[in-house]
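> The sequence and its predicted three-dimensional model are supplied below.
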Number of protein chains: 2
Amino acid sequence: MNEPKNVAIVGATGAVGVEMLQCLEQRNFPVKNLTLLASARSAGKRMTFRGAEIEIQELTHDSFQGIDIALFSAGGGISKEFAPSAAAAGAIVIDNSSAFRMEDDVPLVVPEINGDQALKAPRGIIANPNCSTIITLMALAPLHSAFGLKSIIASTYQAVSGSGAQGILELEEQIQAMAKGDPITPKVYQHPIVSNVIPEVDAFTESGYTKEELKMLHEGRKILNLPELRVSCTCVRVPVVRSHSISVTAQFDQEVSVEAARAAYAGKPGVAVRDNPAERLYPVPLDTTGKDDCLVGRIRKNLVFNNALDLWVVGDQVRKGAALNAVQIAELL
Amino acid sequence: MNEPKNVAIVGATGAVGVEMLQCLEQRNFPVKNLTLLASARSAGKRMTFRGAEIEIQELTHDSFQGIDIALFSAGGGISKEFAPSAAAAGAIVIDNSSAFRMEDDVPLVVPEINGDQALKAPRGIIANPNCSTIITLMALAPLHSAFGLKSIIASTYQAVSGSGAQGILELEEQIQAMAKGDPITPKVYQHPIVSNVIPEVDAFTESGYTKEELKMLHEGRKILNLPELRVSCTCVRVPVVRSHSISVTAQFDQEVSVEAARAAYAGKPGVAVRDNPAERLYPVPLDTTGKDDCLVGRIRKNLVFNNALDLWVVGDQVRKGAALNAVQIAELL
């Protein structure tokens, strides 16, 4: 982090792109020059970074000359098309899409968990994991170190900002409509999202699981280097603007108590325990929004399995689940 | 059901009480005379039943002379105080509160599952189970019959109407406030419920589980007559007006396939399968609101355990989770 870098954000106007810019600024990332890239539609608009206005440029294959680090968050299609050009031009790509996550020669990194992997990127591409996976693993990695993780059963409560700016707009419009008693016509989601929950995040696969649900399985195995880890997940969209919550049942190799689990988080960066039932203390999405730390609470002995805990983890999925994690990866380089 | 009965509703003005009245009317329950009972505050108000206005009377210990069936839904305290008086006056009490559910000489009944139990009520009191428990068991009972249920892991997405009329009002007020950009001050819940989810339903116990979470364990064992059943549950309030959703992992004694599971629902009353991933078909709360049937979807092989399924069940918790179930019990008498 000594020498300032030329940094590009691809998808600068999206929910995650905007947050990436803020993370670079707030964390005093050593930026020499910041290049903002987006579609032709956004080119020419301006965004403010450290008090200076930067004009957004249209993304092309020639956008990456002189760029040291390219933060991509414009969807898998854009990443597949343009990340190789960025890497060929000498940039290290940190890609927030799912395009390269499962490729063997692309590290998949949560800095607090497997940050060492970021230094081995033979293709010049490092992948940022799925948001729910990052948040869930932030809660489970300290427990895995202490007790050995065997399996995860998870149900998610995912915010609409996980669908980008259009998801936020959809919920806001439907809240206005519900307040006025107007009819609600869903556009982004298959059903109205206000006063509803929708058990469909990303596309369905042949198995009946959605792609999103299988990410926690495949990405979790890769990040934790646990090829035998078993994961079963149900992903649900809820009418929350920001921050994902996950109800987790985790089974361990060794015996685990609630006290030992709470103690396992001591000194662990990026995750904090908020867990005092007697005081009605537990995490909720509004507590983590705009914050770096994931919060863990409701830690208790699972009543079905031995050596298992139930817990509740909440994190800002735009921030730790995406932009912050990408900038933290950049800090490792 | 041949001879018309004198029926009383205790808590007639509450969310469930209003729904009980509608269920009696819609199902053509043979009512001779309907008595509406509530607190002094509501006494004198009128409600309409079969086109006739009925004046609400103040609940007293002398309210039950000549009553055949007393439907209670005014909270556990009222049930504990007044249900014995009703039974002593000769009424059969069907109690929607948790006051008597776990008492050995009080049957706990879901008509489709253990309706035979309603005929054995030595104290003249029959208990209506917890709403999330009813909806979850409506999905699991057909699978239990076919494959033998061993354990349940559940995460709930519970509507605010589960907190009664005040819960609905709280969400509606907060939606108005959010639409206008006004500040939000929670009253009913510990946190704002609009754009948030709250993993606290009912009071915390020493175990770290809430009472609501333990109901699915204890009531599930009693209803299914499975004293060894293992259940671990996380109950979460979501900003939905009506209908609870539950993400369920169920383990069985025998091998089970998705096709066999779907087939197990054929001809089973009160529950329907809505499950076609290729067509993006699955249940959501808006689909079940005001409807009698619970809907089951997202049925798939659990990826952690053998002989286990993940599934998603949704039901109107004011209706099948409370009022309808109580009226169905009355129909059995």
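It's in. Numbers count the residues shown, from 1 in each chain, chains lettered A, B, ... in the order given.
> The stretch 201-333 of chain A: helices as residue ranges?
A:211-224, A:258-264, A:285-288, A:324-332 (DSSP state H, counting those that start in this stretch).
> Could you check how far the shortest one is from the centre of its chain?
For helix A:285-288, the gap between its own C-alpha mean and the chain's C-alpha mean amounts to 15 Å (CA atoms, centre = their mean, to the nearest Å).
> quick check, it touching chain B?
Yes: using CB under 8 Å from any CB of the partner chain, helix A:285-288 comes into contact with chain B via A:285-286. No exception for glycine: its C-beta is placed from N, CA and C like everyone else's.
> In CSV: the helices of the stretch 201-333 of chain A, plus distance to residue A:104, mean pLDDT and mean neighbour count.
Putting the helices of the stretch 201-333 of chain A into CSV (distance: least, CB to CB, whole Å; pLDDT from 0 to 100; neighbours: other CB atoms under 10 Å in any protein chain shown) gives the following:
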stretch, distance to residue A:104, mean pLDDT, mean neighbour count
helix A:211-224, 9, 98, 22
helix A:258-264, 31, 98, 16
helix A:285-288, 33, 96, 22
helix A:324-332, 18, 96, 24
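> Of all these, which one is nearest residue A:12?
Shortest distance between residue A:12 and the helices of the stretch 201-333 of chain A, using CB to CB, is found for helix A:324-332: 12.9 Å.
> List the contacts of the closest one.
For helix A:324-332, contacts defined as CB atoms under 8 Å, 6 or more residues apart in numbering or on different chains pick out A:1, A:5, A:7, A:19-20, A:23-24, A:27, A:29, A:69, A:71, A:73, A:92, A:94, A:96, A:109-111, A:115, A:118-119, A:126, A:128-129, A:134, A:292, A:316.
> Next step: these restricted to strands.
If you go by DSSP state E, those have A:5, A:7, A:69, A:71, A:92, A:94, A:126 in strands.
> pretty sure the fourth one is in contact with residue A:10, am I right?
When you say that, I think you mean residue A:71. Yes: applying CB atoms under 8 Å, one finds residue A:71 in contact with residue A:10, separated by 6.8 Å.
> Now the buried members of the contacts of helix A:324-332.
Buried subset of the contacts of helix A:324-332 (neighbour count, 16 or more other CB atoms under 10 Å in any protein chain shown): A:5, A:7, A:19-20, A:23-24, A:29, A:69, A:71, A:73, A:92, A:94, A:96, A:109-111, A:118, A:126, A:128-129, A:134, A:292, A:316.
> which residues does residue A:153 contact?
A:231-233, A:248-250, B:153, B:249, B:302, B:304.
> same thing but at 7 Å, please
A:232, A:249, B:153, B:249, B:304 (CB atoms under 7 Å, 6 or more residues apart in numbering or on different chains).
> Could you do residue A:37 as well?
By CB under 7 Å, 6+ apart, the residues touching residue A:37 are A:8-10, A:12, A:57, A:59, A:63.
> try residue A:235
Residue A:235 makes contact with A:132, A:156, A:158, A:201, A:210, A:212-213, according to CB under 7 Å, 6+ apart.
> next one: residue A:274
Applying CB under 7 Å, 6+ apart to residue A:274 gives the contacts A:281-283, A:295, A:297.
> The stretch 51-200 of chain A against chain B: which residues are in contact?
A:151, A:153, A:155, A:157, A:175-176, A:178-179, A:190-192, A:195-200 (CB under 7 Å from any CB of the partner chain).
> Quick check: most distant residue from the centroid of chain A.
Each residue of chain A has a distance to the centre, and by CA atoms, centre = their mean the biggest one is for residue A:181: 34.6 Å.
> Check the gap between that one and residue B:179 for me.
11 Å (CB to CB, to the nearest Å).
> what do you get for residue A:44?
33 Å.
> Same question for residue A:222.
Separation of residue A:222 from residue B:179 (CB to CB) stands at 43 Å.
> shaky segments in chain A?
A:1-2 (pLDDT under 70).
> Outline the domain layout of it.
According to automatic domain parsing, chain A is divided into the following domains: A:5-129+A:323-332, A:133-317.
> Let me have the ones you listed in CSV, extended by distance to residue B:330.
Formatted as CSV, these follow (distance: least, CB to CB, whole Å):
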stretch, distance to residue B:330
domain A:5-129+A:323-332, 52
domain A:133-317, 31
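> Tell me which of those lies nearest to residue B:257.
That would be domain A:133-317 among the domains of chain A, by CB to CB, at 11.4 Å.
> Straight-line length of the closest one, end to end?
10 Å (CA to CA, to the nearest Å).
> For it, what is the distance to the chain centroid?
11 Å.
> again with stretch A:18-27
The answer for stretch A:18-27 is 15 Å, by CA atoms, centre = their mean.
> Tabulate the CA atom coordinates of that stretch in CSV.
What follows is stretch A:18-27, C-alpha atoms only, in CSV (Å, rounded to 0.1, in the frame of the first residue of the first chain):
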residue,chain,number,x,y,z
VAL,A,18,-20.9,4.1,-5.7
GLU,A,19,-20.0,2.2,-2.5
MET,A,20,-16.6,1.2,-3.9
LEU,A,21,-15.8,4.8,-4.5
GLN,A,22,-16.8,5.7,-1.0
CYS,A,23,-14.8,2.8,0.5
LEU,A,24,-11.7,4.0,-1.4
GLU,A,25,-12.2,7.5,0.0
GLN,A,26,-13.1,6.5,3.6
ARG,A,27,-10.2,4.0,3.9
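> Dump stretch A:289-299 to PDB, restricted to CA.
Backbone C-alpha positions of stretch A:289-299 (Å, rounded to 0.1, in the frame of the first residue of the first chain) are rendered in PDB as follows:
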ATOM      1  CA  THR A 289     -26.300  -0.600   7.200                       C
ATOM      2  CA  GLY A 290     -23.400   1.500   6.200                       C
ATOM      3  CA  LYS A 291     -21.100  -0.300   8.700                       C
ATOM      4  CA  ASP A 292     -18.100  -2.400   8.000                       C
ATOM      5  CA  ASP A 293     -18.600  -5.100  10.600                       C
ATOM      6  CA  CYS A 294     -20.900  -8.100  10.300                       C
ATOM      7  CA  LEU A 295     -22.800  -8.800  13.500                       C
ATOM      8  CA  VAL A 296     -23.600 -12.200  15.100                       C
ATOM      9  CA  GLY A 297     -26.200 -12.900  17.600                       C
ATOM     10  CA  ARG A 298     -28.900 -15.400  18.700                       C
ATOM     11  CA  ILE A 299     -26.100 -17.900  19.300                       C
END
